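> Need the 3D shape of this:
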Amino acid sequence: MMRTDLRSARVPRAIALTLFAAALLPSAARAQPGPGPALVPSPGAEPEVVAEALFLCDTIPPGGRDLNLAVAIVSGEPDRLAGDASLVALPRLQLAMSLGERAGFTVDVGLGGHGEIVHTPAASLKVLLRAPGLGRTGLSASLDLLGSTHSLAGTEAGLGLGAIRQVGRVGLRASASVATGVSAWSPHLHAGASAAVALGPRWRALAEVVAEVGSGGLAVAAAPTFKLALGERTALLAGALFALRAGGSPPTLVVQLAQSM
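Numbers count the residues shown, from 1 in each chain. Purely as a prediction, here's the structure:
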C-alpha cells in the first residue's frame, strides 16, 4: 500500500486517503514481461489475466523487483495576496519485491517537503490467496502499516482484500481496505473498482471509481488513466482523480514511472 502525504494540500479526505493507499503502482497483474506481478500460473496453460489500477488500494503481491517513482500534483493552500490556490507536487518512491510465487512486500517513502528529506514511510505485506484463471476470480490480501515521522498518533494499520477477473478483453479489479490509527480507534474504509482494456500492444486505458467512508461521511471519486509501455521493463502511467460532488476541488493528477529490475 502506498501513502502520499496530502496533509499540507487542500484535497478532500477521500482523495487524500486514496493516494495514501495507492499512488504508486506495482498493481498490474499480467503474464507479459514488465513491471508488476505475473499472476498466471503457467505459460500457455490459460489465457493471460490483466487487471490494473492506479488509485485503488493495492493488495496484489509484486512478481519481481520493481522500483516506482510517482508524483501527485494537487491543489495547495491559496495565496494570501492573490487568493488563487497553487499547485503542489508530492513525489514518492517505492520498492516492491517478491517473496515467492504468492507473496511479496512493498516499502515506500515521501521525498522532500515538510522540511524533511524523506517522510511518511509505509510498508505492506501482500499475499495471493487464489490465482486468477479462465472463469476463475483471483483473490489477494494485504497487511499494511502507514507510518508517520512525527508521532505514533499519526500511524495507521490496515487490512486489505482484493479480487481480479478477466471478462473478454476487459480486466476487472476490485479492492477494499480498512485502516485505523494505532493509538486510537478511528476506522475508515477505502474501496473501489477498475476496468482495463488494451488499446494496442503498448497502450492501455483504465477507468476507476473509488470511495472513502469515515467519520466525515461518504466521498466518491472517479479517474481515467492511461498506461504506456516504454520498453520491456519500463512503463509510464498518468491519471486524473475527480471528486464526484458539486463544488469539489480540482482534480488530483498522478504521473508514475515503473521500472522492473
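
> Look up how far Leu161 lies from Ser98.
Note on Ser98: its distance to Leu161, by CB to CB, to the nearest Å, is 20 Å. For the C-beta atoms, the positions are set from N, CA and C on the backbone; glycine is no exception.

> tell me which element Pro121 falls in.
Element membership for Pro121, per DSSP states H and E: strand 118-130.

> tell me which residues of that strand are tucked away?
For strand 118-130, a neighbour-count test (16 or more other CB atoms under 10 Å) marks 119-128 as buried.

> just how off-centre is that strand within its chain?
Relative to its parent chain, strand 118-130 has a centroid offset of 11 Å by CA atoms, centre = their mean, to the nearest Å.

> So what are the sheet partners of whatever helix or strand comes next after that strand and their directions?
Using DSSP H and E, the next helix or strand after strand 118-130 towards the C-terminus is strand 138-146. Strand 138-146 pairs in its sheet with strand 118-130 (antiparallel), strand 156-167 (antiparallel), by DSSP bridges.

> List the contacts of the last one.
Spelled out, it's strand 156-167. 1, 29, 39, 47-51, 56-60, 132, 134, 136-146, 171-182 (CB atoms under 8 Å, 6 or more residues apart in numbering).

> CA atoms only for it - export them in PDB, please.
What follows is strand 156-167, C-alpha atoms only, in PDB (Å, rounded to 0.1, in the frame of the first residue of the first chain):
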ATOM      1  CA  GLU A 156      -2.200   3.600  10.900                       C
ATOM      2  CA  ALA A 157      -2.600  -0.100  10.400                       C
ATOM      3  CA  GLY A 158      -4.800  -1.700   7.800                       C
ATOM      4  CA  LEU A 159      -6.100  -4.800   6.200                       C
ATOM      5  CA  GLY A 160      -7.000  -5.100   2.500                       C
ATOM      6  CA  LEU A 161      -8.800  -7.600   0.300                       C
ATOM      7  CA  GLY A 162      -8.800  -7.600  -3.500                       C
ATOM      8  CA  ALA A 163     -10.200  -9.600  -6.500                       C
ATOM      9  CA  ILE A 164      -9.300  -9.700 -10.200                       C
ATOM     10  CA  ARG A 165     -11.000 -11.300 -13.100                       C
ATOM     11  CA  GLN A 166     -10.800 -11.300 -16.900                       C
ATOM     12  CA  VAL A 167     -14.100 -10.800 -18.800                       C
END
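
> buried stuff in it?
By 16+ other CB under 10 Å, the buried positions in strand 156-167 come out as 156, 158, 160-166.

> residue ranges of the strands in this protein, please?
Secondary structure of the chain (DSSP state E): strands at 65-78, 85-98, 103-111, 118-130, 138-146, 156-167, 170-181, 188-198, 203-214, 217-229, 234-243, 252-260.

> could you say what helices and strands the first one packs with?
Put plainly, it is strand 65-78. Other helices and strands packing on strand 65-78, by 3 or more CB pairs under 8 Å, 6 or more residues apart in numbering; DSSP states H and E, are strand 85-98, strand 252-260.
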